[in-house]
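Novice: compute the structure for the input listed below.
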Amino acid sequence: DLPRANAYAAEALALARSEGQEWLVSMVLVGYGYTALELGEVGRAASLLREALELGARRGDLVDVDSALEGLATVAAASERYEMAARLFGAASTLRDEIVMPMAPTERAYFTPILEALRSALGEVRFGTAWAAGRSWPRDAATREALSLVDMPLPAATRSPRLTGRERDVLRELMAGKSNREISETLFVSPTTIATHIASLYRKIGVDSRAEAIAWAHRHEAG
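Specialist: Numbering: from 1, shown residues only. Alright, predicted model coming up:
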């Protein structure tokens with residue numbers, strides 16, 4: 001429920017600021033920024049994540065710095081600045097190594113489709129070159145690059161909602177005419193989980209039925 005998440009994030013940020021809890025402000029800013037990204041509000045996400053990055057860097061909180069870097073890398077990808085996105089993701093991966101913070105399974109599920117899209121857009125050679133450049137950056141250079149995003153023209157919203165990898169899998173199966181149970185057997189998850197994915201998919205693309213979802217998929221060349 002992204003609108004409700006957005007409202008709660010705004011309330012949490014106001015409370016954290018009023019209490020003067022900088023550590024909490026930066027953490028909430030990161031979550032608020034990712035919520036804005038999920039809503040397709042790229043410019044607002046960039047502003048929130050930039051503040052999180054600046055505050056995390058000032059406090060020396062490398063976890064928040066990494067989270068904000070990855071968020072701004074996602075902003076760059078959504079803005080079609082693919083090489084910048086690959087460099088920032090590379091820099092963030094070096095920071096994760098430094099603080100010994102490998103991605104959790106949920107983080108891998110979130111970022112893998114983004115990285116796959118970058119590889120597809122750039123090709124393996126250009127992606128690898130940009131990733132390696134980011135991996136070799138000093139942290140302050142990566143921070144400057146990420147912060148520069150906010151000074152660039154950014155779209156107010158993405159042109160289409162960003163679906164998770166699993167939502168794309170479900171959409172492809174819907175296009176194949178499969179029932180919830182058939183999809184659950186194909187993807188090795190429960191029918192209840194499939195129903196949850198379908199409900200989330202419908203909300204993101206603004207439809208109310210399978211027929212509308214399939215029509216949307218064909219218009220956007222999904223699958």
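Novice: going by C-alpha atoms from here, please, whenever you check contacts or count neighbours.
Specialist: OK.
Novice: could you list the low-pLDDT ranges of this structure?
Specialist: Judged by pLDDT under 70, the chain has its weakly predicted residues at 152-162, 221-223.
Novice: contacting residues for the most centrally placed residue in it?
Specialist: Of all residues in the chain, the one closest to the mean position by CA atoms, centre = their mean is residue 74, 5.3 Å from it. Contacts here follow CA atoms under 8 Å, 6 or more residues apart in numbering; on that basis residue 74 touches 85, 114.
Novice: one more pass at 10 Å, please.
Specialist: Residues near residue 74 by CA atoms under 10 Å, 6 or more residues apart in numbering: 34, 37, 42, 45-46, 68, 80-82, 84-86, 88-89, 111, 114-115.
Novice: same check, this time on residue 15
Specialist: By CA under 10 Å, 6+ apart, the neighbours of residue 15 are 9, 21, 24-25.
Novice: top of those by neighbour count?
Specialist: Neighbour count (other CA atoms under 10 Å) singles out residue 25 as the most crowded of these, with 22 neighbours.
Novice: mind listing the helices in this structure by residue range?
Specialist: 2-18, 22-38, 42-59, 62-78, 82-98, 105-122, 124-136, 139-148, 165-175, 180-187, 191-205, 210-219 (DSSP state H).
Novice: buried ones in the third one, by neighbour count?
Specialist: Along helix 42-59, the positions that meet the burial threshold by neighbour count (16 or more other CA atoms under 10 Å) are 42-57.
Novice: and that helix, what does it pack onto?
Specialist: Where contact means 3 or more CA pairs under 10 Å, 6 or more residues apart in numbering; DSSP states H and E, helix 42-59 is packed against helix 22-38, helix 62-78, helix 139-148.
Novice: and the two most separated of the contacts of residue 15?
Specialist: 9 and 21 (15.1 Å; CA to CA).
Novice: still on that earlier bit, quick one, which of the helices and strands packed on helix 42-59 is packed in tightest?
Specialist: helix 62-78 (a mean of 25; mean count of other CA atoms under 10 Å).
Novice: what inclination does that one have with respect to helix 139-148?
Specialist: Relative orientation of helix 62-78 versus helix 139-148 (axes from the mean of the first three to the mean of the last three CA atoms, to 10 degrees): 50 degrees.
Novice: may I have helix 62-78 exported as PDB, CA atoms only?
Specialist: Extracted C-alpha coordinates of helix 62-78, given in PDB (Å, rounded to 0.1, in the frame of the first residue of the first chain):
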ATOM      1  CA  LEU A  62      28.300   3.900   6.300                       C
ATOM      2  CA  VAL A  63      25.200   1.800   6.300                       C
ATOM      3  CA  ASP A  64      23.000   4.800   5.500                       C
ATOM      4  CA  VAL A  65      25.600   6.000   3.000                       C
ATOM      5  CA  ASP A  66      25.400   2.700   1.200                       C
ATOM      6  CA  SER A  67      21.600   2.600   1.200                       C
ATOM      7  CA  ALA A  68      21.500   6.100  -0.100                       C
ATOM      8  CA  LEU A  69      24.100   5.400  -2.800                       C
ATOM      9  CA  GLU A  70      22.100   2.400  -4.000                       C
ATOM     10  CA  GLY A  71      18.900   4.500  -4.000                       C
ATOM     11  CA  LEU A  72      20.500   7.200  -6.000                       C
ATOM     12  CA  ALA A  73      21.900   4.600  -8.400                       C
ATOM     13  CA  THR A  74      18.300   3.500  -8.900                       C
ATOM     14  CA  VAL A  75      17.300   7.100  -9.500                       C
ATOM     15  CA  ALA A  76      20.100   7.300 -12.200                       C
ATOM     16  CA  ALA A  77      18.800   4.100 -13.800                       C
ATOM     17  CA  ALA A  78      15.200   5.400 -13.800                       C
END
